[in-house]
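>>> compute the structure for the input listed below.
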Amino acid sequence: MAVVDALDARILRMLLEQPRTSVREYARQLGVARGTLQARLDRLEREGVITGSGPYLSPAALGHPVLAFVHIEVTQGHLDEVGDALAAVPEIIEAFSITGAGDLLTRVVARDNAHLEDVVQRLIRLPGVVRTRTEIALRRRVAYRVLPLVEAVGRAAAAEAGQPRRRV
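Have a look, this model is predicted:
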C-alpha cells in the first residue's frame, strides 16, 4: 500500500484540478523544488497511485450514449477464459470479477438499445457464459471522482503528522 502524505495529497489535487499544467508550474504553486516534485510524481507512479495521464474520452460523444451494467454468470473454472474473451468486445469499457450474484460485472456502452441487445447476445454466446443480467443506467448521479478521497487522505496524513490543518 502506498503511503501518501500531505504534500503528496496536495500534488494529487493539483494534478486532478489542473491536468495540463507543467511540472515546473506545479512546483512553483506548491512552493517546492522541481526535482522534489518530480521525485514525488515518479514515486506515486511507481507505487501505482498515479495510473495514467491520458485524456478522458466520452463514449456518448463517440456515438455510444447508452450505458449499461451487465452481470455475467460464468461456468465454474472458466472465469479467466470468459474474462479474456470480454477484452475482444469493444463496447465493454470495463470488467470486474465480483462477489455476490454473478461472477463478472461489465460496463457496456452502445449506440442505442438495439445495439445493446446485440452486444448482450454476443456475450451470451461466449463459451463459459451461463447467463447475463443487464441494467441500463438512466442518469449519472456522481461522476467518476477521486478528489474527495485525495482530500480525506491528505487531511488524515496531516493530522497524523501533527501538522496544522490546511486545505489539501
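>>> quick one: low-confidence parts of the protein?
Residue ranges of the chain with pLDDT under 70: 1-2, 163-168.
>>> now the residue minimising distance to the centre of the chain. Its backbone dihedrals?
Against the mean C-alpha coordinate of the chain, by Cα atoms, centre = their mean, the closest residue is residue 144 at 7.2 Å. Residue 144 adopts backbone torsions of phi -50, psi 130, taken as degrees, to the nearest 10.
>>> wait, doesn't residue 64 sit right on residue 108?
No. Using Cβ atoms under 8 Å, residue 64 makes no contact with residue 108, being 9.2 Å away. All C-beta atoms are positioned from the backbone trio N, CA, C, and that covers glycine.
>>> who touches both of the two?
residue 91 (Cβ atoms under 8 Å, 6 or more residues apart in numbering).
>>> and those two? Which one has more around it.
The neighbour comparison of residue 64 against residue 108 (other Cβ atoms under 10 Å) goes to residue 108, with 26 against 19.
>>> I'd guess that one is in a strand, am I close?
Yes. Counting by DSSP: H, G, I helix; E, B strand; the rest coil, residue 108 is part of a strand.
>>> contact partners for it?
67-70, 91-93, 116, 119-120, 134.
>>> show me just the buried residues among these.
67-68, 70, 91-92, 116, 119-120, 134 (16 or more other Cβ atoms under 10 Å).
>>> what's the farthest-apart pair in those?
For the buried ones among the contacts of residue 108, the maximum inter-member distance is 13.4 Å, found between 67 and 120 (Cβ to Cβ).
>>> burial count for residue 42?
11.
>>> I misspoke; the intended subject was residue 53.
So residue 53, with other Cβ under 10 Å, has 9 neighbours.
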